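Chemist: need the 3D shape of this:
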Amino acid sequence: MTDPVLVLTKARTSCEMQAVSEWAADAYPDAEIRPGSEVDFEELPPETLLVPVRPVWLPAARQGERRVTLGDVLVLSNPRRPLGPMQPIIRKRRPDALRVAAGEPATIAQLRDRHDREQVASSFDEFVRLQASISAERAERQIVGDRYKVPRLVAEQISSSARFRAGAAELAAELGRPTDAVVAEAIDKLSGFVATQSRLMRDIFSATFDRLHERAWNVSVDVDTLNSLRKLNKKTGLIFLPSHRSYVDPLVLAKVLRSNDFPPNLVLGGNNLSFWPVGPIARRSGMIFIRRKFGADPVYKFAMRSYLAYIIEKRFNLEWYIEGGRSRTGKLRRPMLGLLRYVVDALDQLEDVDVTIVPTSIVYDQLHEVGAIAAEDAGGVKKPESVGWLLRYAKAQRDYLGEARVRFGRPLSLRETLAEAGEGSAQLEKVAFRVMDEINSATPITATSLVGFAGLGARDRAYTLSEIEAVLAPLLDYIDQRGLPGPDPSLCRGVGLIQTLRVLAGNGVVATYEGGSEQVWWIVPENRAVAAYYRNGAIHHFVDRAIVEMGLLALAEGEVQAGSTPIRSDHVGSTPPSPDEGLLAAAQREALRIRDLLKFEFFFPPKQEFLHRLGVELDLLAPGWREVTPSQEWTYEMLHRHTGALFARRTLQPFFDAQLVVATKLVELGNTAREKDTFIKDCLGLGRQLDLQGVLRSKDSVSKDLYDGGYRLADNRGLIHGEGVVDLRVARQNWLDEVELMRDRLARIAAIEDLQPVGRTDEEVAR
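Modeler: Residues are numbered from 1 along each chain as shown. The predicted structure follows:
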């Protein structure tokens, strides 16, 4: 006599039950078929085999993909749950429309053992029904594809776990409250932010909101890396941490992942975007709307940690924007550590479970919203999101804007990265900086960003096409030498360059004049901040070279003094040598000082790796430097050889101009301090004044974000409130003097660049 078999089904109609019966007759001829909700599992013999099955309806294939369209919804039809009377007709017309998904079977004895071992709070009947649903869900995903992998019954699974109940009891003891009250409140909090995903809503959301980017950009992606990530995703959950430049970032990334059959990400976002009708649809499509601040609500924090632990343990993929908001300057903002801290806390609750961080870069040739972003950075007020705002935004996305590029940095095991970061209060910040450095490394240099870099660094006049090509040529050579992810060179020469310039002209960044014998182009003065936004998307690739140039200039001008012993090649990438070991060793120390001035603007690697990168830059700038006894004449000659490819002024001028404003304002305050927001507002006023007076050399330095970076640096040095500073007035003046020294060096580099004007050869200059 064979053991009894019970097929558990959720068939809703006679058509679906017929399909299940046909399947069972073939797979388990003697099995009984019953709805799981009608079974008393406590009464079944231990040897009873339970087989969870589920009828699965598939939409018709449209353009090679089976998904629900907006048209289906408008006619009140859901191809994934067709109306009962229509089901036989659909099945007759399309026999493949109805499938039966069979989950992993298990005996009552096996399920009883799991229930007791996991110490779940729910009854055995509830546990079996939940496990049957999960098993059938996994089987269904084998039919519909991983891109429809969505968590089901999340709040029920979390709240019934022994871990959740034990954590709630511990929190209740800390708060002096009854455990049941804390459990009830935590479950209520969970219901407020848990994404209640459905495949229908995912299809509707993508069909509706993909239009916000499909017309505007052609999306390109690194397919090889995606294939590697898909294999990795079989073993571990992924956390995508993208750069944040546009509201459409989540839509672009979602389309890329969906097209490559990745399970959908659960996207953590601020509740400022939860307005109707976007919020209800987005939440059912995987968006987790959370409060901007919830540190004062311990139950909310506990519920969030429990949710994240569940997501990590079940290997669902996460996504959030670590900068906390869109970049206002085009470069990466400082990372916000709150969500990362909660993920680390959640990971601590799990043994033998890891999660992989995927640093992700999303960059666009053009963005309609850059003008508004630049205005906000210059002191403008951000307009709140609303239905009207969404309609205006959608209308602006109708025009073609070029290419959107999605690239991925090196995947990072969170556990391994935490271990490498060491213990201490700075551990999380080190992990975040590693992620940001990987995002920067993966970020490609677009033709528009390179033209912005070249144009803003040139004199304020119009240029012919050949002159622009002459400015871009050494930049392209450098990109090629470094093996950086650069633009298509054809877009920076000839007809391709004209196309790039026209793209920027269409967005008001550049203007052109054709009334003379030759067409000329220039950056529109009132849109220099927009040009700077595009430039800043690539500026991090030039920072190391700029610091080397600054250090070498200090050497050439005698500002750095040391002995005359040649520096050994093994010193690069190790502890900087003492002063008597060579001028280049002193230049290394100067480079570290410059890095310290810029540490709140760029994401530098640890000191050893940073010094190694400087050695690589020196190999390009001064081949053979390791065998040279560096004199001031030698270093000066090195700079003069590269007048077309000196990057320090073009890269660092905005940041030291911004620091000049912050330091000047602090000196004006004497020994007093002001609240940060008021201080930044005062800096905006002072910055505009100094710009009008011609003191600032970079007009795009008048920036809230850049002043915020200067404020952070000053605070780090104790210059805001005077922590650890003997004489605050003197310390503030010393910083101002240091910034003035850096600006003076940039002016001297500008003088070297002027020795070879744009469009003139060495022979012409000599004559």
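
Chemist: give the buried residues for stretch 101-108.
Modeler: 101-103, 105-108 (16 or more other Cβ atoms under 10 Å). (Each C-beta comes from the backbone N, C-alpha and C, glycine too.)

Chemist: just the ones of those residues in helices?
Modeler: Counting by DSSP state H, those place residue 108 in helices.

Chemist: of the buried residues of stretch 101-108, closest to residue 301?
Modeler: For the buried residues of stretch 101-108, the closest approach to residue 301 (Cβ to Cβ) belongs to residue 103, at 35.0 Å.

Chemist: that closest one and residue 139 touch, don't they?
Modeler: Yes. Taking Cβ atoms under 8 Å as the definition, residue 103 is a contact partner of residue 139 at 4.5 Å.

Chemist: tell me, what's touching those two both at once?
Modeler: 52-54 (Cβ atoms under 8 Å, 6 or more residues apart in numbering).

Chemist: longest helix in the chain, please.
Modeler: Max-length helix for the chain by DSSP H is helix 728-753.

Chemist: for that one, which positions count as buried?
Modeler: By neighbour count on 16+ other Cβ under 10 Å, the buried set for helix 728-753 is 728, 731-732, 735-736, 738-739, 742-743, 745-746, 748-750, 752-753.

Chemist: excluding its backbone neighbours, what's nearest residue 499?
Modeler: Nearest non-adjacent residue to residue 499, counting by Cβ to Cβ, 6 or more residues apart in numbering: residue 491, 6.7 Å away.

Chemist: so that neighbour touches residue 447, yeah?
Modeler: Yes. Between residue 491 and residue 447 there is a contact under Cβ under 8 Å: 3.9 Å.

Chemist: what residues are shared contacts of these two?
Modeler: Common neighbours of residue 491 and residue 447 (Cβ under 8 Å, 6+ apart) are 497, 500.

Chemist: just to revisit the earlier point, show me what the longest helix of the chain is packed against.
Modeler: The contact analysis (3 or more Cβ pairs under 8 Å, 6 or more residues apart in numbering; DSSP states H and E) places helix 728-753 against helix 543-556, helix 583-597, helix 632-640, helix 648-668.

Chemist: including mean pLDDT, could the ones you listed go into a markdown table?
Modeler: Output for these, formatted as a markdown table (pLDDT from 0 to 100):
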| stretch | mean pLDDT |
| --- | --- |
| helix 543-556 | 90 |
| helix 583-597 | 84 |
| helix 632-640 | 82 |
| helix 648-668 | 96 |
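
Chemist: which of the ones you listed sits closest to residue 515?
Modeler: Closest among the helices and strands packed on helix 728-753, using Cβ to Cβ: helix 648-668, at 29.9 Å.

Chemist: give me the contacts around the helix or strand following the closest one.
Modeler: Of the helices and strands lying after helix 648-668 in sequence (DSSP states H and E), the nearest is helix 676-692. Residues outside helix 676-692 that contact it (Cβ under 8 Å, 6+ apart) are 378-379, 658, 660-662, 664-665, 673-674, 696, 699, 701-704, 707-708, 710-711.

Chemist: centroid-nearest residue for this structure?
Modeler: With distances taken as Cα atoms, centre = their mean, the residue of the chain nearest its centroid is residue 242 (1.8 Å).

Chemist: next, give phi and psi for that one.
Modeler: Main-chain dihedrals, residue 242, degrees, to the nearest 10: phi -90, psi 160.

Chemist: that one against residue 363, yeah?
Modeler: No. Contact criterion Cβ under 8 Å: residue 242 and residue 363 do not qualify, at 10.2 Å.

Chemist: mutual contacts of the two, please.
Modeler: When Cβ under 8 Å, 6+ apart defines a contact, no residue borders residue 242 and residue 363 alike.

Chemist: before we move on, back to that, with distance to residue 611 and mean neighbour count added, can I get the helices and strands packed on helix 728-753 in TSV?
Modeler: Shown next, in TSV, are those (distance: least, Cβ to Cβ, whole Å; neighbours: other Cβ atoms under 10 Å):
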stretch	distance to residue 611	mean neighbour count
helix 543-556	10	25
helix 583-597	6	22
helix 632-640	18	16
helix 648-668	18	25
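
Chemist: ok, which of these comes nearest residue 420?
Modeler: helix 583-597 (20.5 Å).

Chemist: just checking, what packs against the helix or strand just after the closest one?
Modeler: Using DSSP H and E, the helix or strand that follows helix 583-597 in sequence is helix 607-621. With contacts taken as 3+ Cβ pairs under 8 Å, 6+ apart, helix 607-621 sits against helix 465-482, helix 543-556, helix 583-597.

Chemist: average model confidence for helix 607-621?
Modeler: The pLDDT scores in helix 607-621 average 90.

Chemist: so that helix versus helix 465-482, what angle?
Modeler: Helix 607-621 and helix 465-482 are oriented at 130 degrees to each other (axes from the mean of the first three to the mean of the last three Cα atoms, to 10 degrees).

Chemist: now distance to residue 34 too, for the helices and strands packed on helix 607-621, in CSV please.
Modeler: What follows is the helices and strands packed on helix 607-621, written out as CSV (distance: least, Cβ to Cβ, whole Å):
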stretch, distance to residue 34
helix 465-482, 67
helix 543-556, 67
helix 583-597, 70
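
Chemist: thanks again, I'm all set now.
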